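Q: what follows is a predicted structure for the sequence shown.
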Amino acid sequence: MKQTTLARIVETGLREGVKSIFLFAGCPPLGNRRDIITLGDPVLESGDIEDVLLWSLSPSQYAAFQKEKELDYSYAPDGLGRFRVNAFQRRGSFGIVMRPVPVEVPSFDALDLPVALKEFTKERDGLVLVTGPTGSGKSTTLACLIDTINRTRACHIITIEDPVEFVYRPVKSIISQREVGKDTLSFTAALKSVPREDPDVILIGEIRDQESMQATIEMAETGHLVFATLHTTNAFQTINRILNFFPEGEKGHIRSQLALVLKGIISQRLLTRAGGTGFVCACEIMKAGQSVRSLIRSNKIHQINSVVDILKKEGMVSMDDALVDLYKNGLIEMAAAISCSTDESAFVAKLGAVPYSRAKVMEGKRPSPVNPDTILFKADHREEQLGSFDASGEVSADPGGLAFRDSGQQARESHFIADYSILNGRQNGFRLGSFFHISYAISGSREKKATYSFWVRVVTGKKEETEVPVPTGLIGDGAWHTLDVPIPGAMRGKQVRYYMLVFDGAVTDIVFDDIMFTWGDRWT
């Protein structure tokens with residue numbers, strides 16, 4: 001592969017807003033945005049991948065890769081910014097995943113991070129942990145915290161990273177960035193020498209073993225402010241992970257140390273921003289006040305998540321509250337919020353407080369309903385049963401049916417109405433039958449079309465959703481119409497958790513009625 005070809009692939013990926021670029025032999029260049037997209041036409045060969053490795057690795061790194069069959073490293077091609085790269089072997093050929101790293105450290109405002117996180121940068125000692133799954137933006141959040149300290153106070157900041165991602169420009173602080181494999185042999189070796197380098201603030205890219213964890217706690221205990229990451233999803237799991245680094249006989253002592261030094265845990269998830277343009281971070285914030293310290297000492301760690309949800313006055317934010325705020329501010333879609341919630345039924349109940357204006361009641365004659373003997377499920381639109389939401393409009397239960405009106409605040413390719421009344425227990429669950437049936441009437445649109453796109457999305461598992469193909473679109477002449485949609489054979493019999501009606505973003509006013517799933521093989 002020519003370097004100009006790689007540059008073209010990378011430029012396309014950055015323009016499309018991908019969070020990862022995949023270079024695999026036997027596939028065209030691919031990018032991960034909301035889904036997998038193609039970033040170029042030619043199918044890559046093994047030699048293309050090896051060319052990129054030879055350009056981007058030093059001789060010693062290439063030798064290490066050949067020995068270990070995988071390698072994490074940073075790469076900064078001319079004029080294209082910085083990338084965190086993972087190279088690995090897959091079925092005898094090489095694969096590369098490149099994740100773009102901004103040249104400038106993003107600000108809190110640019111990332112829509114909670115202002116409460118800045119409080120951790122004012123600490124003078126102790127331990128702050130940033131946690132979350134791979135790709136959840138932990139490194140970016142840490143970079144914001146470190147750069148805030150760099151801009152607000154004079155101190156010595158040491159980072160130990162594998163690899164170095166963001167490159168800091170000293171403002172008020174001295175910053176020593178050390179990369180594992182280049183500037184130090186290992187995290188363990190670097191942590192042993194750090195106390196002799198007179199640091200005030202220490203960033204540890206990742207804690208991987210008992211020795212690193214012990215050194216981290218001791219540095220926080222001896223007057224340093226330490227930031228570190230773990231691959232955990234909430235405060236309870238994080239503290240358990242720390243304790244599980246140690247044998248049973250040492251856990252009591254570690255709990256006492258941790259209760260003394262812990263300042264807070266930031267647990268985060270990265271979600272697609274509403275409209276599909278980039279990503280936004282949902283942050284759960286646990287501050288280690290007196291109540292949390294007491295729970296850690298007394299080994300009542302299982303109660304910590306409840307404390308986070310209750311003690312909002314102390315600046316704590318639960319993950320579900322963070323998701324509700326992002327949704328209400330129009331930053332994320334409803335489906336994304338629910339998928340990351342800790343308790344989906346309780347979360348939907350919280351969202352029930354979101355107000356919806358009553359849309360215009362439409363009049364007109366509806367077609368006759370299907371034979372009631374064939375009905376498995378019929379949506380209930382009564383106000384007290386309403387479990388339907390949309391992030392881009394107002395949904396209300398009216399005599400005319402389930403009415404939607406576009407809010408006009410966000411432009412998007414499609415709207416959705418999701419019936420979560422099954423999920424939150426207001427409706428009985430059911431297994432898919434043979435057909436989906438719906439009546440509808442469109443009374444307003446911002447763009448005149450003969451038909452408007454429409455499809456049904458059925459969620460059957462925590463991370464399993466399927467779109468039911470609809471043979472025709474919605475007719476926009478203002479009259480009532482009936483739409484019958486066959487359920488594919490492979491989906492029949494699956495338990496429904498909730499379903500969504502997804503329709504053209506050009507529609508501004510629509511009423512749905514007779515929404516039902518049936519088991520009959522034909523209509524009567």
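A: The structure has been received and is ready for your questions. Residues are numbered from 1 along each chain as shown.

Q: number of nearby residues for the nearest residue to Lys463 once chain neighbours are set aside?
A: Closest residue in space to Lys463, ignoring its immediate chain neighbours: Ser339 at 7.4 Å, by CB to CB, 6 or more residues apart in numbering. To be clear about C-beta, it is placed using only N, CA and C from the backbone, and glycine gets the same treatment. As a burial measure, Ser339 scores 16 neighbours (other CB atoms under 10 Å).

Q: I figured Ser339 hits Gly461, correct?
A: No. Look at Ser339 against Gly461 with CB atoms under 8 Å: they stay out of range, at 11.1 Å.

Q: mutual contacts of the two, please.
A: Contact with both Ser339 and Gly461 is made by no residue, according to CB atoms under 8 Å, 6 or more residues apart in numbering.

Q: is it true that Gly31 lies in a helix?
A: No. Counting by DSSP: H, G, I helix; E, B strand; the rest coil, one finds Gly31 to be strand, located in no helix.

Q: neighbours around it, how many?
A: Count around Gly31 with other CB under 10 Å applied: 24.

Q: do you know the pLDDT at the nearest residue to it once chain neighbours are set aside?
A: Excluding the flanking residues, the one nearest Gly31 by CB to CB, 6+ apart is Val18, at 3.4 Å. Here, the pLDDT recorded for Val18 equals 87.

Q: then Ile296?
A: 95.

Q: give me the buried positions along the host helix or strand of it.
A: Assigned by DSSP states H and E, Ile296 belongs to helix 290-297. By neighbour count with 16 or more other CB atoms under 10 Å, helix 290-297 contains the buried residues 292-293, 295-296.

Q: one more: stretch 478-485?
A: Buried, per 16+ other CB under 10 Å, within stretch 478-485: 480-483, 485.

Q: ditto for stretch 443-459
A: For stretch 443-459, by 16+ other CB under 10 Å, it's 443-445, 452-459.

Q: need the mean per-residue confidence for it.
A: For stretch 443-459, mean pLDDT is 90.

Q: can I assume Glu179 sits in a strand?
A: Yes. Assessed with three-state DSSP, Glu179 lies in a strand.

Q: helix, strand or coil for Glu284?
A: Going by three-state DSSP: Glu284 is strand.

Q: burial of it, as a residue count?
A: 27.

Q: check the one 4 residues further on too.
A: If you count neighbours by other CB under 10 Å, Ala288 ends up with 22.

Q: I'd say it and Lys263 touch.
A: Yes. Assessed by CB under 8 Å, Ala288 is found in contact with Lys263 at 5.6 Å.

Q: for the helix or strand of the chain with the lowest mean pLDDT, packing partners?
A: The weakest-scoring helix or strand in the chain, judged by mean pLDDT, DSSP states H and E, is helix 344-351 (a mean of 73). Using 3 or more CB pairs under 8 Å, 6 or more residues apart in numbering; DSSP states H and E as the contact test, the elements touching helix 344-351 are helix 319-328, helix 334-340.

Q: so which of those gets nearest Ser267?
A: Nearest to Ser267, of all these, is helix 319-328, at 6.7 Å by CB to CB.

Q: what's the closest one packed up against?
A: Partner elements for helix 319-328 (3+ CB pairs under 8 Å, 6+ apart): strand 262-272, strand 279-287, helix 334-340, helix 344-351.

Q: for Ile510, find the nearest of these.
A: Closest approach to Ile510 among the helices and strands packed on helix 319-328 (CB to CB): helix 334-340, 17.4 Å.

Q: return the residues in contact with Arg153.
A: 172-173.

Q: actually Pro195, not the one I wrote
A: 219, 222, 224.

Q: ramachandran angles for the second one?
A: According to degrees, to the nearest 10, the main-chain angles of Thr222 amount to phi -100, psi 30.

Q: what strand or helix carries Val130?
A: strand 126-131.

Q: now do that strand: distance to the chain's middle.
A: Taking CA atoms, centre = their mean, to the nearest Å, one finds strand 126-131 lying 20 Å from the centre of the chain it belongs to.

Q: what helices or strands is it leaning on?
A: helix 138-152, helix 210-221, strand 225-230, helix 235-244, helix 251-261, strand 262-272.

Q: tell me which other helices or strands the second one touches.
A: Judged by 3+ CB pairs under 8 Å, 6+ apart, the packing partners of helix 210-221 are strand 126-131, helix 187-193, strand 201-204, strand 225-230, helix 251-261.

Q: ok, and what's touching the first one?
A: Applying CB under 8 Å, 6+ apart, the external contacts of strand 126-131 come out as 120, 138, 141-142, 145, 216-217, 220, 225-234, 237-238, 258, 261-268.

Q: tilt between the strand holding Val130 and helix 138-152?
A: Relative orientation of strand 126-131 versus helix 138-152 (axes from the mean of the first three to the mean of the last three CA atoms, to 10 degrees): 140 degrees.

Q: partners of strand 126-131, with directions?
A: strand 225-230 (parallel), strand 262-272 (parallel) (DSSP bridges).

Q: now that strand and helix 210-221, what's the angle there?
A: Going by the same axes, to 10 degrees, strand 126-131 makes 130 degrees with helix 210-221.

Q: for Ser173, which non-adjacent residue is closest in space?
A: Nearest to Ser173 is Asn150, by CB to CB, 6+ apart, at 4.5 Å.

Q: who touches the one you found in this structure?
A: 157, 168, 170-173, 175.

Q: most neighbours among those residues, which one is it?
A: So for those (other CB under 10 Å), the most neighbours sit at Ile157, 23 neighbours.

Q: for it, give me the pLDDT.
A: At Ile157, pLDDT is 97.

Q: who touches it in this structure?
A: By CB under 8 Å, 6+ apart, the neighbours of Ile157 are 146, 149-150, 168, 173-176, 199-203.

Q: how close does it sit to Pro199?
A: Between Ile157 and Pro199 the distance, using CB to CB, to the nearest Å, works out to 7 Å.

Q: pull up the overlap in contacts between the two.
A: Taking CB under 8 Å, 6+ apart as the criterion, Ile157 and Pro199 both touch Ser176.

Q: which one of the contacts of Asn150 is nearest to Phe436?
A: Tyr168 (54.6 Å).

Q: same list (the helices and strands packed on strand 126-131) but as CSV, adding mean pLDDT and distance to Leu80.
A: CSV is the format used below for the helices and strands packed on strand 126-131 (pLDDT from 0 to 100; distance: least, CB to CB, whole Å):
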stretch, mean pLDDT, distance to Leu80
helix 138-152, 94, 19
helix 210-221, 94, 33
strand 225-230, 96, 26
helix 235-244, 95, 35
helix 251-261, 96, 41
strand 262-272, 94, 23
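
Q: and of the ones you listed, who's closest to Ile332?
A: It is, among these and with distance given as CB to CB, strand 262-272, at 5.0 Å.

Q: angle of the closest one against helix 235-244?
A: Using the same axes, to 10 degrees: strand 262-272 against helix 235-244 is 120 degrees.

Q: SS state for the closest residue in space to Ala7 that isn't next to it in sequence?
A: Leaving aside its sequence neighbours, Ala7 sits nearest to Leu80 (CB to CB, 6+ apart; 6.2 Å). Using three-state DSSP, the structure places Leu80 in coil.

Q: so what's Leu80 up against?
A: 7, 10-11, 14.

Q: now, which of those lie within helices?
A: 7, 10-11, 14 (DSSP state H).

Q: distance check, Pro102 against Phe166.
A: In terms of CB to CB, Pro102 sits 7 Å off from Phe166.

Q: between these two, point out the one with more neighbours.
A: Using other CB under 10 Å as the criterion, Pro102 and Phe166 rank with Phe166 on top: 23 against 13.

Q: distance of that one relative to Leu483?
A: From Phe166 to Leu483 the distance is 51 Å (CB to CB).

Q: show me where the stretch 401-524 of the chain dips below the pLDDT cut-off.
A: Within the stretch 401-524 of the chain, the stretches with pLDDT under 70 are 409-412, 520-524.
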